[in-house]
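Visitor: Here is the input, now give the coordinates:
(chains A and B)
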Amino acid sequence: MRKIFLEEAGSLYQRRALRYLLIFLEPMTAFAIATLINAFILYLLRYDPLEVYSVMFLTGYSDIHYLFIKSSPYIATGLAFSTPFLAGIFNIGGEGQLYVGALTALLASYVSRNFLISILTGSIAGALLSGLIAFLRVYRNVNEVVTAIMLNWIMYYITSYIITVYIYDPFAPYQSRPVPREAVINPDLMFIISVFTALIIYIVLFYTSIGYMMRVVGRSFRSAVYSGINIKRIMILSMMIGGGSAGLGGALIPLGTSPHVLDNTMSALYGVGFMGIGIGLLGRNNPIGIIIASIFISGLIIGGQNVERIIGAPPEVVDVIIGITIVMLAIPYILRNILAKRGVYI
Amino acid sequence: MRKAISRITASVIIAIILIAVGLLVVYLTQQPTGTRTTPYTVATSSPTSTVSTQTVSTPATKKIKVAVLFDVGGRGDLSFNDMAVLGAEKAKKDFGVEIVYQTPRSLDDMVPLLESLSKSGEYDLLVLIGFLWTSPLNATADKYPNQKYALIDSTTGVVRPNEVDVVFREQEVGALIGVIASGMAQSLNSSIVGAVAGMSIPPLWKFHIGYLFGIKYFEKVTGKKIDLIWQYTGTFTDPQAGYKAGWNELEQGATVIYGLAGLTHVGMFNAVIDWNKQGRGKAFAIGQDASQEWYAPQYIPVSGSKRVDVGVYDVIKMVVENNWRPGILSLGVKEGGVGVWDLDGVRYFAEIAYETGKLKDLTPDQVVKIVNETRNKYIPQYVWDIVNNLKKLLEEGKIEFKMPSNESEYNAIISALLKGDLNAALSKGSV
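Guide: Numbers count the residues shown, from 1 in each chain, chains lettered A, B, ... in the order given. Model prediction:
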C-alpha cells in the first residue's frame, strides 16, 4: 500500500540527482506560476507587468545594508515559526513574542547601555512568553493557536501602552526615547547575529540528540512516545527556542534600525511576526532556507515600495503580488507535507 | 498512489494552460489604452498642465521633480496624506512640475528611503508629510547638503540650509473655533463648551491658549459668560478614551466639544452622536485638521483646518520660483494655513470618504446640504461677524500669539486668560 515514489527510480545516484534537481526545479516552477498569475492581475489593473517586476527586482536588491536591516528580523521570526513546527507545534505567536522582545530590549538598553544585555533580555522575554503558550498546550491542553493569537493582541496593546505612557520622548510623544548611543548596533552586526542564530538552530536541529528528538516528535507522535522521549519537555523546549528567536528579532529592530525608537503604533514591528510564517514555509522549515527566503522576500518588499513612486501603482497592489508569490512558493512544500501524511514521499 | 500524483500534476498543468489561455484572450480582445484608471492620473488633466507649463517664468530646461513621501499608511487617511495630494496636484497644475508619491512601510523604512532618494539626486525637493519623519530627517539631512527637504507639521529643532520645516500657528485656528463654539453654545442656551485633547505637549498648549482666547474674546464682545472644560486624554490613538472624556464633559453640561486628539476624538464624536440619539439633549462636536463633517454632518457642523495642502503647495512654489528660504515656515490665518473649512472643503473630504467607502448612508451633496443647514441654524450672523473681526486682526498682523516655550509659561498664560486678561496670550498688539 505505502510506496515511496522516488525509491523506484533507478540507482542511488540517479535518485540523489533527481532529488537535488527537484530542490531547484520546484521553487522555479512555483515562481513561474506566481509570475504568470501576477502578470495577469497587473494586466487587469492596467499596469505593465514587466515594468513592475523590473522595478521590484532592480531596486530591491541594490542596497545591501537596507537588505540586511529588512531581512534580519524576518530570519528571526521565520525560525520562530519553523523550530516549533518541526516539533509539531504551530507557533502563530511570533508577532507577540516579537513585541515583547522589542519592548524589553528597549527597556534593558536604557538601563544597561549595552547591546548584548539588551538582546539577551529580549530573547529571554520572547522565550518565556512562548514557554507560557507551550505550557498551557502541554499541561492544560489549551490550543496553542488560540492562546498565541490572544497573546499577540495583549502584547500589542501592552507595548503600545508602555510606549505612550511611560517611555515616550518628551520632544516627540508619539515615539519612545531612542536607544542610548552605546547600545546601538549597525546593520552588518544585526545581520550577522541573526544568521549566526540560524546556524546554531540548524546545528541543534540536525546534529544534536535534542534536535533529533524534536523532529521525531513532529514526525510521529507515537514513535516518540514508544521510544521514551519526554514529549512534554521537548515540545516546550522547541517552542521556547522559537520564542527566543522571535524575541531576538524584536530586539534587533530598535537596536539596529535607525532612528532606534519604537513609535506608538509600532509600524516597524507590525506584521513581521506573521510574515515569519510565510518565510518559514518558503524556507522549507530549514534555517539555511529561511535565510535565503528572508533575503528574497526583503528584496521584494524593498523594491515594492518604489513601485508607487516610479509606476504609480498603489502600495496595496504590491502587497497582493508579494502575497501571491509567497503562497505559490509555499504550496509545493505544503502539498508534499500533506502527501507525506498519506504515505507518499516525493 | 502513482495515479494520485499524476492526477495532481495533470491538474497543475491544466491550471497553467488555463491561465495562459486567459492571458492570451485578454491580450487579444482588449487593446491596452494608454491611460490608466488610477486615482493618481485621474486627478490631473494633461491639457491644463501643458498650458500652465508655459506660464512658468524661467524657461524649463529641466522639469522640476518633487517626491511627496507620505506618513505610514499612505493615501485614503482622510487627513494629512490626502491633503498633501491635494496641494501637490495643485502645484502640478499651476507650475507643471512632476510629482511622484511614495508610502514608507514603517518608521524603520524612512531612513533608508531618504538615503536612497537623496543619493540619487533625482528629485529637486523631498516633501515629508507628518511628524513621524522628524527623527529620520534629523539622521539624514546633514549627509546630503545638496538635497532639499521640506518637513510638514513638525520641526527638527535644527536650522539647516537644505531644510524647511512647515509649522502651523494652532492658536489662530483655536481662537476662531473658540468664538464659533461659544456662539453655538449660546444658540443651544448653554454656556459651557468643552474640548477633548491628546497629550499635554506644545502643539496642544497652543490650541488650548487659542481656544480659550476665542472663548474669552466672545465673552468680551457679547458680555455673555462662557466656561471651558478642557480635558487631556493622554493619547492620540484611543477612541475609547475619547468616548469617555467626551461623555464626561457632556454630563458636566458641555454642549459643544472640540476634538483635538486625532483618532481619540473620533470616540468623542461617537459620544456626541449617542448623546443626541439617546435624547439627552442637543450637542455638537467640532473636528480639526481635515474637514471631518462627513463623519456625522448632523452633529459636526464645523471643523478647524490645518491646511497641509497649502504647506505642500508653498514649499513646491519656493523651489519653482527659486526662492528657497530654509528654516521654519510658519503658516497662520494670514497665509491661509489655518482657518475654518468652507463648504468646498467639506465637499472635497466627503467625496474622498464616499469613494473609499467610509461615508455610507449619505452622498457628498447631502453632507454639504446638512452642514449648510446646521450652520445657518446654529451659527448666527453675529458670531460670524466676531469671527471675521478676529480674522481681520490676524490677517493684518495687528495681533500675534505667544509661543509658550515651557509648561509653566503655558500655565501662566492659561490662568491669566481665565481671569479675563486677553492680552496675556498676545505677543503683539492688544484687543
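
Visitor: contacts, neighbours, all on C-alpha from now
Guide: Noted.

Visitor: and the helix or strand residue A:297 falls within, what does it pack onto?
Guide: For residue A:297, the element it lies in under DSSP states H and E is helix A:287-310. Using 3 or more CA pairs under 8 Å, 6 or more residues apart in numbering or on different chains; DSSP states H and E as the contact test, the elements touching helix A:287-310 are helix A:49-60, helix A:64-86, helix A:187-207, helix A:272-282, helix A:315-341, strand B:98-102.

Visitor: quick one, which of the ones you listed is nearest to residue B:140?
Guide: Between residue B:140 and these, the shortest separation by CA to CA is 14.5 Å, and it involves helix A:64-86.

Visitor: can you list the helices and strands packed on helix A:287-310 in CSV and add mean pLDDT, distance to residue B:279 and mean neighbour count?
Guide: Below are these laid out as CSV (pLDDT from 0 to 100; distance: least, CA to CA, whole Å; neighbours: other CA atoms under 10 Å in any protein chain shown):
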stretch, mean pLDDT, distance to residue B:279, mean neighbour count
helix A:49-60, 92, 55, 18
helix A:64-86, 95, 52, 28
helix A:187-207, 95, 59, 17
helix A:272-282, 93, 45, 26
helix A:315-341, 88, 43, 17
strand B:98-102, 95, 46, 21
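
Visitor: Can you lay out those as a markdown table showing distance to residue B:234?
Guide: Shown next, in a markdown table, are the helices and strands packed on helix A:287-310 (distance: least, CA to CA, whole Å):
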| stretch | distance to residue B:234 |
| --- | --- |
| helix A:49-60 | 40 |
| helix A:64-86 | 31 |
| helix A:187-207 | 35 |
| helix A:272-282 | 28 |
| helix A:315-341 | 32 |
| strand B:98-102 | 31 |
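
Visitor: re the thing from before, in the helix holding residue A:297, what counts as buried?
Guide: Buried residues in helix A:287-310, counted by 16 or more other CA atoms under 10 Å in any protein chain shown: A:287-309.

Visitor: Which residue, other than its chain neighbours, is closest to residue B:363?
Guide: residue B:354 (7.0 Å; CA to CA, 6 or more residues apart in numbering or on different chains).

Visitor: Residue numbers of the stretch 251-400 of chain B in contact with chain A?
Guide: By the rule CA under 8 Å from any CA of the partner chain, no part of the stretch 251-400 of chain B lies against chain A.

Visitor: need the strands for the stretch 251-400 of chain B, in chain order.
Guide: Taking DSSP state E, counting those that start in this stretch, the strands of the stretch 251-400 of chain B run over residues B:256-260, B:284-289, B:302-306, B:327-331, B:338-340, B:400-401.

Visitor: Ranking the ones you listed by mean neighbour count, which comes first?
Guide: Mean neighbours per residue, mean count of other CA atoms under 10 Å in any protein chain shown, is largest over these for strand B:256-260, with a mean of 29.

Visitor: mind checking how far that one is from the chain centre?
Guide: 16 Å (CA atoms, centre = their mean, to the nearest Å).

Visitor: Around chain B, which positions in the stretch 201-346 of chain A sit nearby?
Guide: Counting by CA under 8 Å from any CA, the stretch 201-346 of chain A sits next to chain B at A:257-259, A:263, A:267-268, A:305-306, A:308-310, A:312-313, A:315, A:344.

Visitor: rerun that using 6 Å as the cut-off
Guide: A:259, A:267-268, A:308-309 (CA under 6 Å from any CA of the partner chain).

Visitor: Residue B:378: which of the residues you listed is nearest?
Guide: Distances from residue B:378 to these, taken by CA to CA, are shortest for residue A:267, at 41.7 Å.

Visitor: dump the residue contacts of that closest one.
Guide: Counting by CA atoms under 6 Å, 6 or more residues apart in numbering or on different chains, residue A:267 touches residue B:106.

Visitor: Where does it sit: helix, strand or coil?
Guide: coil (DSSP: H, G, I helix; E, B strand; the rest coil).

Visitor: how far is the helix holding residue A:297 from where the chain is centred?
Guide: Taking mean C-alpha positions (CA atoms, centre = their mean), helix A:287-310 and its chain are 13 Å apart.

Visitor: Looking at that helix now, give me its mean pLDDT.
Guide: Mean per-residue pLDDT for helix A:287-310: 94.

Visitor: Which residues does that helix contact?
Guide: Contact with helix A:287-310 is made by A:56, A:59-61, A:70-71, A:74-75, A:198, A:202, A:279-280, A:283, A:314, A:318, B:100-102, as judged by CA under 6 Å, 6+ apart.

Visitor: Run through the residues of the stretch 1-150 of chain B sitting next to chain A.
Guide: Proximity of the stretch 1-150 of chain B to chain A, by CA under 6 Å from any CA, involves residues B:100-102, B:106-108, B:136.

Visitor: In those, find the pair that's most separated.
Guide: The widest separation within the residues of the stretch 1-150 of chain B next to chain A (CA to CA) is 21.0 Å, between B:100 and B:108.
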